[in-house]
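Enquirer: Structure for the following, please:
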Amino acid sequence: MLASKFPSVTVDKDAIYITDGKLRTAAGVTAGLDLALALVEEDLGRDTAMKVASQLVMFFKRPGGQMQFTRKGEAVPAGRAALQELQRWVAATPSLDHSVASLATRMELSPRHFARLFRAEVGVTPATWVEEARVNAARRLLEFGNEAPKQVALHCGFADADTLRRAFNRHVGVTPAEY
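Expert: Below you'll find the predicted structure:
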């Protein structure tokens, strides 16, 4: 609509925010937050901007266009107390074996019963939840560390960097390198 009403204006329909000299404009409320974070980085530096992004639970810099993806927050433990405790343990120890069999053993349940209970109370399969927890751990390492994807994959329980890349792309919408 903007482009049709003002044909002399160049409109980038997929931009998160635009900087044109002293003029800055954002695509909407969330994009305004992105722009504000960019201003913090300009004025106070990358480290401060990353801390602010972390406190606001938002991307330091969203890659690509505004429609590409939105950040989901950290997985919030759900279900009965014992399942929540298990989920907190998984999130704190992403590199360990978190197969259905090992998690069921930890809960003192059969793998089949554990998988059914987990899905009924948490809303996703244990494997999906574990993968999301590992991707969230990888996000933190990528945002605040200087490790290569191979090391991030190892610390977060992925078999290799390629497995991390596929899972990251599935949950976040971009590769770890793009992130």
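Enquirer: C-alpha only now, for contacts and for neighbours.
Expert: Noted.
Enquirer: Pull the number of nearby residues for residue 146.
Expert: The number of residues packed around residue 146, counting by other C-alpha atoms under 10 Å, is 10.
Enquirer: just residue 119 next, same as before
Expert: Should you count by other C-alpha under 10 Å, residue 119 turns out to have 16 residues around it.
Enquirer: buried ones in the helix or strand containing it?
Expert: Counting by DSSP states H and E, the secondary-structure element that holds residue 119 is helix 111-122. By neighbour count, with 16 or more other C-alpha atoms under 10 Å as the criterion, the buried positions of helix 111-122 are 111, 114-115, 117-119, 122.
Enquirer: and which of those residues is nearest to residue 128?
Expert: residue 119 (9.8 Å; C-alpha to C-alpha).
Enquirer: Relative to residue 125, how far out is the closest one?
Expert: Using C-alpha to C-alpha, to the nearest Å, we find residue 119 at a distance of 5 Å from residue 125.
Enquirer: still on that earlier bit, just checking, what packs against the helix holding residue 119?
Expert: With contacts taken as 3 or more C-alpha pairs under 8 Å, 6 or more residues apart in numbering; DSSP states H and E, helix 111-122 sits against helix 100-107, helix 126-144.
Enquirer: From residue 164, how far off is residue 174?
Expert: To residue 164, residue 174 is 11 Å away according to C-alpha to C-alpha.
Enquirer: cool, and residue 171?
Expert: For residue 171, the distance to residue 164 under the criterion C-alpha to C-alpha works out to 11 Å.
Enquirer: go on, residue 176?
Expert: Summarising the geometry, the distance separating residue 176 from residue 164, computed by C-alpha to C-alpha, is 8 Å.
Enquirer: Kindly report the same for residue 140.
Expert: Spatial separation of residue 140 from residue 164 under the definition C-alpha to C-alpha is 14 Å.
Enquirer: Tell me which of those two has more neighbours.
Expert: Relative neighbour count places residue 164 above the other of residue 140 and residue 164, with 25 against 13, counting by other C-alpha under 10 Å.
Enquirer: in what helix or strand does the more buried one lie?
Expert: Per DSSP H and E, residue 164 falls inside helix 161-172.
Enquirer: got the CA coordinates for that helix in PDB?
Expert: Output in PDB follows, covering the C-alpha atoms of helix 161-172 (Å, rounded to 0.1, in the frame of the first residue of the first chain):
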ATOM      1  CA  ALA A 161      27.500 -30.300  13.300                       C
ATOM      2  CA  ASP A 162      25.300 -31.400  10.500                       C
ATOM      3  CA  THR A 163      22.700 -32.800  12.900                       C
ATOM      4  CA  LEU A 164      22.800 -29.600  14.800                       C
ATOM      5  CA  ARG A 165      22.400 -27.600  11.600                       C
ATOM      6  CA  ARG A 166      19.300 -29.600  10.600                       C
ATOM      7  CA  ALA A 167      17.700 -29.400  14.000                       C
ATOM      8  CA  PHE A 168      18.500 -25.700  14.400                       C
ATOM      9  CA  ASN A 169      17.000 -25.000  11.000                       C
ATOM     10  CA  ARG A 170      13.900 -27.000  11.900                       C
ATOM     11  CA  HIS A 171      13.300 -25.100  15.100                       C
ATOM     12  CA  VAL A 172      14.600 -21.700  14.400                       C
END
